[in-house]
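Enquirer: The following comprises the amino acid sequence and a computationally predicted model.
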Amino acid sequence: QVQLVESGGGLVQAGGSLKLSCTASGGTISTYAMGWFRQAPGKEREFVATITKDSYTTYYPESFRGRFTISRDNAKNLVTLQMNNLKSEDTAVYYCAATRSIIASSGTFYDYWGQGTQVTVSS
């Protein structure tokens, strides 16, 4: 069973950048597609980005394209989310997740989740 731990969250001003990391233990992420989700207070969980196990394909909702970049290093059991030009509405807890599906944008297809890391963007 894979355990996922996110890090890199914090407080940043609008227009700034943050890079989130997701480190896996207890197994290799190389057999999983990986994704990032977020949840703001009082809102439903939102899909942010996903990447296939071989990094060949990535997918983002329109609202994140050009600002967020997902990447992975299977040798390091690491997935990252580079977030640029952050806005106050990006404030949320960000979660890393792993899926046995080829790629997935719905959280229902993900098998393992991290505990989340808080990102706060001040305006």
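Expert: Sure thing, it's come through. Source: prediction; values computed, not measured.

Enquirer: drop to CA atoms for contacts and neighbour counts, all remaining ones
Expert: Will do.

Enquirer: helix, strand or coil for the most centrally placed residue in the chain?
Expert: With distances taken as Cα atoms, centre = their mean, residue 36 lies nearest the centre of the chain, 2.4 Å away. Recorded secondary structure, residue 36: strand (DSSP: H, G, I helix; E, B strand; the rest coil).

Enquirer: correct me, but it touches residue 99?
Expert: No - applying Cα atoms under 8 Å, one finds residue 36 not in contact with residue 99, separated by 11.1 Å.

Enquirer: which stretches of the protein have low pLDDT?
Expert: Residues of the chain meeting the criterion pLDDT under 70: none.

Enquirer: can you give me the strands in it?
Expert: Remark: strands assigned in the chain by DSSP state E are 3-7, 10-13, 18-25, 33-39, 46-51, 58-59, 68-73, 78-83, 92-99, 112-113, 117-122.

Enquirer: Mind listing what's buried along the third one?
Expert: What that stands for is strand 18-25. Of all the residues in strand 18-25, those buried under the rule 16 or more other Cα atoms under 10 Å are 18-24.
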